[in-house]
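Enquirer: coordinates for the following, if possible.
(2 chains)
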Number of protein chains: 2
Amino acid sequence: MRLGLFGYGNIGRGVEAAVRQNPDIELVAVFTRRDPATVKTRTGVPVYSAADVAKFKNDIDVMIIAGGSATDLPVLTPELAKVFNVVDSFDTHARIPEHFANVDKSASENGHIAVISGGWDPGMFSISRIYASCILPQGSFATFWGRGVSQGHSDAIRRIPGVLDARQYTVPIQEAVELARKGEAGGLTARQMHLRECYVVAEEGADKAAIEEAIKTMPNYFADYDTTVTFITAEQMKAEHSELPHGGVVICTGKTGLENEHSHTIEYRLTLDSNPEFTSGVLVSLARAAYKMNSRGITGCKTMFDIAPADLSALSAEELRAHML
Amino acid sequence: MRLGLFGYGNIGRGVEAAVRQNPDIELVAVFTRRDPATVKTRTGVPVYSAADVAKFKNDIDVMIIAGGSATDLPVLTPELAKVFNVVDSFDTHARIPEHFANVDKSASENGHIAVISGGWDPGMFSISRIYASCILPQGSFATFWGRGVSQGHSDAIRRIPGVLDARQYTVPIQEAVELARKGEAGGLTARQMHLRECYVVAEEGADKAAIEEAIKTMPNYFADYDTTVTFITAEQMKAEHSELPHGGVVICTGKTGLENEHSHTIEYRLTLDSNPEFTSGVLVSLARAAYKMNSRGITGCKTMFDIAPADLSALSAEELRAHML
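Expert: Numbers count the residues shown, from 1 in each chain, chains lettered A, B, ... in the order given. Purely as a prediction, here's the structure:
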């Protein structure tokens, strides 16, 4: 299977590495909106201009689109789905129905398949929620994120005047996790479920008290949470906060029996050294599924909910039944 | 959707209870190989003789077969798949390929779908393994069962002369679980991964030392494990060991990055008050998927690997994308 990659940031580099663990998939081209001469891939995959992408129509089986959900993917995914089978990691939960409709139209009209919102949330956490909700239909859910770096929150701090760099860790509150295991997390507020730890490099002479106040009172991002702010040096930032770990846990509890006399807990936990590399692993397996499904004549927009697990795998159905079931 | 149920033991009663949490599914008939006049369902569902099952061909959309894997299901599932769409919980891992082939033939020839090996292992644990293996294809796995009642091991103890009743708990060894989280469980033996705790009611005057010796040296079941044997009274057995809790955890670890520099851990944990009722919840959702898939013209034998998660759900694709993704 010949894979293309549109975009070469954290996710793009993750895909490049993940492909090397999947011998049935070859990464044949990277496309960039920058000057291709300035982009050098780590494994020597050729880089082409985004403007030329349509010329590769017959050379690429599936294209992974590695772009941001705010402005890139809403435009790129419908556009590229006209030419290719595509996979993206669109993660703005509230806008998924709209993105789905746009992508479905262009993929369907052109006989392609487009898998959107791949990754771990949305993605594997969603998968864990849907299975649990089918087994325990009257159950309740709680999702905890972290401890891990939220890039959106880190960016929000960086936009405050006087801030040179920032890293924000989302931290689940252990008492809330324990309540969720007992099915008692339903009434918890945002503040009761997660802490926000911020590490900030300030400009020399900046008003640190004002920065801290600006962070802690920022609506949507921090105002509803207990937030800690620690000022560090640029050297400390580089030494201690240059990685992008993340993870979290989905906990579902529910009761069974005619009298609801039995309780059950389902827990799906991810502990990830590298958020973008794990996400990339999911995207590569989705590209395989897109290829298999389109080869069977399936077109239109899909999510991980619509994909049978066997289609994600390089193993045959016989091998899966013999060794994985 | 009109559901039939063949067999009315622990799983059968679990299905009867689970259906009441799924308003789109009605349990219309229970079939038994006993005298139907002697079987009374807890919710008033009518009971018919197994001999009459074929007469219900047009009245049942999917039949859940609640029987044992040793002798019942290898015969029942291929036989009933000639007449109905069926779901079973066949769990003898080594014989799945053979069972699959037999069931596939009779289901395919008769235009039905048959979902085999539903439950949690095989079942949700298998699902957790396949997703993890697709995301981290060079990763390693460990599966721990318990703390929970193994009915096969309990039965094995009951066959020892002088034993009136027995309950065996499989207990994961915490040190091994910690090694698995670090990806270092590969070389562990059976003895290093699980303990076996046995509670035994002996006949009056029985040779307890001989019973204990017979248990601890029993090949396949106990000889390869550290096993504890505790003699209790029939009253204690009833008061403290009448439930069937189970569960366990699948742990997958793997590395990503060009230099394998990042580690990841995926953990899927079940804590179940009632093994048969949780299994029944899975089977009912599989019955729904079988109905949906057969309505789209899909026939033959399937496992959970072949079923897209959305097909398990009573929610529409739009609802799932809006609320579960």
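
Enquirer: okay, CA-based contacts and neighbour counts for the rest of this
Expert: Noted.

Enquirer: show me where the stretch 151-300 of chain A has its helices.
Expert: Secondary structure of the stretch 151-300 of chain A, counting by DSSP state H, counting those that start in this stretch: helices at A:151-158, A:174-181, A:190-193, A:208-216, A:234-240, A:275-295.

Enquirer: just checking, A:Val28 touches A:Glu16?
Expert: No - applying CA atoms under 8 Å, one finds A:Val28 not in contact with A:Glu16, separated by 10.1 Å.

Enquirer: who's more crowded, those two?
Expert: A:Glu16 (27 against 17; other CA atoms under 10 Å in any protein chain shown).

Enquirer: what's in contact with the strand or helix carrying the more buried one?
Expert: Assignment of secondary structure by DSSP states H and E places A:Glu16 within helix A:10-19. For helix A:10-19, contacts defined as CA atoms under 8 Å, 6 or more residues apart in numbering or on different chains pick out A:5-6, A:25-27, A:41-43, A:66, A:276-281, A:283-284, B:256-258.

Enquirer: now that helix against helix A:275-295, angle please.
Expert: Between helix A:10-19 and helix A:275-295, the angle comes out at 70 degrees (axes from the mean of the first three to the mean of the last three CA atoms, to 10 degrees).

Enquirer: now the element after helix A:10-19, going C-ward?
Expert: Beyond helix A:10-19 in the direction of the C-terminus, DSSP H and E gives the next helix or strand as strand A:26-32.

Enquirer: buried sites along the following helix or strand past that next one?
Expert: Using DSSP H and E, the helix or strand that follows strand A:26-32 in sequence is strand A:47-49. Neighbour-count burial for strand A:47-49, counted by 16 or more other CA atoms under 10 Å in any protein chain shown, picks out A:Val47, A:Tyr48.

Enquirer: cool, stretch A:14-31 as well?
Expert: Result for stretch A:14-31 [16+ other CA under 10 Å]: buried residues A:14-22, A:25-31.

Enquirer: before we move on, what about stretch A:46-61?
Expert: Buried-residue list, stretch A:46-61, by 16+ other CA under 10 Å: A:Val47, A:Tyr48, A:Ala50, A:Val53, A:Ile60, A:Asp61.

Enquirer: neighbouring contacts of it?
Expert: Looking at what lies outside stretch A:46-61 - CA under 8 Å, 6+ apart - the contacts are A:1-4, A:6, A:28-37, A:39-41, A:83-85, A:291.

Enquirer: circling back to that earlier point, out of the helices of the stretch 151-300 of chain A, nearest to chain B?
Expert: helix A:275-295 (4.7 Å; CA to the nearest CA).

Enquirer: work out which residue lies at the spatial centre of chain A.
Expert: A:Gly119 (3.9 Å; CA atoms, centre = their mean).

Enquirer: now A:Tyr8: phi and psi?
Expert: phi -140, psi 60 (degrees, to the nearest 10).

Enquirer: and for it, the neighbour number?
Expert: 23.

Enquirer: mind checking how far it is from B:His262?
Expert: Using CA to CA, to the nearest Å, one obtains 19 Å as the distance from A:Tyr8 to B:His262.

Enquirer: including mean pLDDT and mean neighbour count, could the helices of the stretch 151-300 of chain A go into a markdown table?
Expert: Below are these laid out as a markdown table (pLDDT from 0 to 100; neighbours: other CA atoms under 10 Å in any protein chain shown):
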| stretch | mean pLDDT | mean neighbour count |
| --- | --- | --- |
| helix A:151-158 | 94 | 17 |
| helix A:174-181 | 96 | 17 |
| helix A:190-193 | 96 | 16 |
| helix A:208-216 | 98 | 17 |
| helix A:234-240 | 98 | 12 |
| helix A:275-295 | 98 | 25 |
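
Enquirer: alright, that wraps it up for me.
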